[in-house]
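A.B. asks: Structure, please.
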Amino acid sequence: MDIPAVNGASASSSSAADKAKLNYDSFLRLLVAEMKNQDPTEPKDTSQYLSQLASFSAVEQGVNTNKKLDSLMTAMQLSQADSLIGHTVTGPDGFLLGTIKSVKIGQTVSTAILEDGKSVVLDAGVTIG
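C.D. replies: Okay, the predicted model is just below:
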């Protein structure tokens with residue numbers, strides 16, 4: 001059975017971008033379209049619909065929780081970065097590298113920018129004093 005398009009995207013589209021665009025409202029529209037277009041002589045089991053709805057809701061809540069956790073982690077990193085400014089940095093070899101002027105927070109690693117303009121990756125072995 002062919003299901004009509006929802007929000008301009010066909011139900012058979014399988015690209016990652018199209019999947020990311022689906023939200024709870026789109027899922028409900030797709031569910032209603034599927035119910036309208038089902039064969040009346042062989043109706044679908046409604047428990048399957050409810051199971052799909054519950055599963056989708058759980059996934060959506062998980063995605064929302066991850067977004068909130070990412071936001072919280074960024075806020076914590078910014079707070080910690082602020083407390084590093086003005087402190088000295090010692091490298092893994094024990095040599096003093098300089099004083100932190102600013103901190104750049106990246107996706108996977110944070111970098112201290114020293115007063116002399118040099119960058120130091122804040123990684124294992126680096127000591128801040």
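A.B. asks: quick one: pLDDT of the most far-flung residue of the chain relative to its centre?
C.D. replies: What lies farthest from the middle of the chain is residue 41; by C-alpha atoms, centre = their mean that is 43.6 Å. For residue 41, the pLDDT comes out at 76.
A.B. asks: State the distance from it to residue 59.
C.D. replies: Residue 41 sits 33 Å away from residue 59, going by C-beta to C-beta, to the nearest Å. In short, each C-beta sits where N, CA and C put it, glycine included.
A.B. asks: Residue 77 versus residue 43, what's the distance?
C.D. replies: Applying C-beta to C-beta to residue 43 and residue 77 gives a distance of 53 Å.
A.B. asks: Distance from the lengthiest helix in the chain to the middle of the chain?
C.D. replies: Counting by DSSP state H, the longest helix found in the chain is helix 46-84. In terms of C-alpha atoms, centre = their mean, to the nearest Å, the centre of helix 46-84 is found 8 Å from the chain centre.
A.B. asks: in it, what counts as buried?
C.D. replies: For helix 46-84, the neighbour count (16 or more other C-beta atoms under 10 Å) marks 56, 81 as buried.
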